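Engineer: Give me the fold of what follows.
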Amino acid sequence: MLPSFLLAAVALLPGALSLPQFGDVLHGEDSNATLEARQGYYWSFWSEGSGNWNCRNGNGGSYTATWSGNNGGFVCGKGWSPGGARTVKYSGTYVPKGPGYLAIYGWTTNPLIEYYIMDSHGDLAPNEPWTAKGNFTIAGEGTYQVYTSTRVNKPSIVGTATFQQYWSVRNETRVGGTISTQQHFNAWRSFGMNMGNHNYMILATEGYTNGANGPSGTASLTLS
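Structural biologist: Sure thing, here's the model as predicted:
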């Protein structure tokens, strides 16, 4: 079940965002990002700091990641541009230690929203406060707690901006299954959390430092 401290206003340290080349945006506060389309999927990989962050874009919908370090962080993943309403099916392994997550991650514009549909995670590390909005259940997929948070004057896909973050956090973590993104979008709207025009969306793996806590782990994931 979700840790008890998340049942009130909670916090998580999400990656910030930067503006790499060609107007596309990835996690990070530097622009050392790589974007490519491969076999019909959108691929992204960003890292900062002196950690050992390794992500490999595999064939089809697959990718792998290994990571360790105490300075900085990374995020990588595979998905679609634009994102939106999809029945995302995935499988694989995800073994984190320290702060990090496995989630569907994406953006909308008008309004500018950064969103996460989190299936699994390592430590949920306090940073910006979350506001609990409620919960909902998708038959065959699970029960998710819903939160919002606000980032003020942070990099985004439209440059430095203040914007809302939307979060669905699965009560019981899992690795593999189905995520019906439209069901999450509908639930968010029912809580007054409006969406906009979809930008990119990926199945993301992230690890990041929080104070002295450094992440490590492995992941091997495949979209199908």
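Engineer: and the nearest residue to Asn199 once chain neighbours are set aside, how many residues sit next to it?
Structural biologist: Taking Cβ to Cβ, 6 or more residues apart in numbering as the measure, Asn199 lies nearest to Trp107, with 4.1 Å between them; neighbours along the chain are not counted. (Each C-beta comes from the backbone N, C-alpha and C, glycine too.) Number of residues near Trp107 (other Cβ atoms under 10 Å) recorded here: 22.
Engineer: and Trp107, how far is that from Gly211?
Structural biologist: To Gly211, Trp107 is 28 Å away according to Cβ to Cβ, to the nearest Å.
Engineer: try Thr162
Structural biologist: In this structure, Thr162 and Gly211 are separated by 25 Å, where distance is defined by Cβ to Cβ.
Engineer: Kindly report the same for Gly196.
Structural biologist: In this structure, Gly196 lies at 34 Å from Gly211, with Cβ to Cβ as the measure.
Engineer: Test my guess that Asn171 contacts Ile138.
Structural biologist: No: between Asn171 and Ile138 no contact is recorded; they are 11.6 Å apart, counting by Cβ atoms under 8 Å.
Engineer: coming back round to it: could you give the bridge partners of the residue nearest to Asn199?
Structural biologist: Beta-bridge pairing of Trp107, defined through DSSP bridges, involves Glu114.
Engineer: and it, what does it touch?
Structural biologist: Trp107 makes contact with 25, 83, 113-115, 156-157, 198-201, according to Cβ atoms under 8 Å, 6 or more residues apart in numbering.
Engineer: returning to what we had before: shared neighbours of Asn171 and Ile138, which are they?
Structural biologist: When contacts are counted by Cβ under 8 Å, 6+ apart, Asn171 and Ile138 have Tyr144 as shared neighbours.
Engineer: Pick out whichever of these two has more residues nearby.
Structural biologist: Here Asn171 and Ile138 are compared on neighbour count by other Cβ under 10 Å; more neighbours surround Ile138, at 17 against 14.
Engineer: Next, the one residue sitting closest to the centre of the chain: phi, psi?
Structural biologist: Among the residues of the chain, the one closest to the centroid is Tyr105, at 3.7 Å (Cα atoms, centre = their mean). Note on Tyr105: backbone dihedrals following degrees, to the nearest 10 are phi -130, psi 140.
Engineer: so what's it closest to, chain neighbours aside?
Structural biologist: Ala204 (4.1 Å).
Engineer: Can you dump the C-alpha atoms of the helix or strand where that neighbour lies in PDB for me?
Structural biologist: Element membership of Ala204 [criterion: DSSP states H and E] is strand 197-208. Listed next in PDB are the C-alpha coordinates belonging to strand 197-208 (Å, rounded to 0.1, in the frame of the first residue of the first chain):
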ATOM      1  CA  ASN A 197      -2.900  19.700 -25.900                       C
ATOM      2  CA  HIS A 198      -0.600  16.700 -25.700                       C
ATOM      3  CA  ASN A 199       3.200  16.900 -26.200                       C
ATOM      4  CA  TYR A 200       5.400  13.900 -25.800                       C
ATOM      5  CA  MET A 201       4.800  11.000 -23.400                       C
ATOM      6  CA  ILE A 202       7.200   8.200 -22.300                       C
ATOM      7  CA  LEU A 203       7.500   5.200 -20.100                       C
ATOM      8  CA  ALA A 204      10.200   6.800 -17.900                       C
ATOM      9  CA  THR A 205      12.800   5.500 -15.500                       C
ATOM     10  CA  GLU A 206      14.500   8.100 -13.200                       C
ATOM     11  CA  GLY A 207      17.000   8.100 -10.400                       C
ATOM     12  CA  TYR A 208      18.100  11.300  -8.600                       C
END
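Engineer: I'm done for today, thanks for sticking with me.
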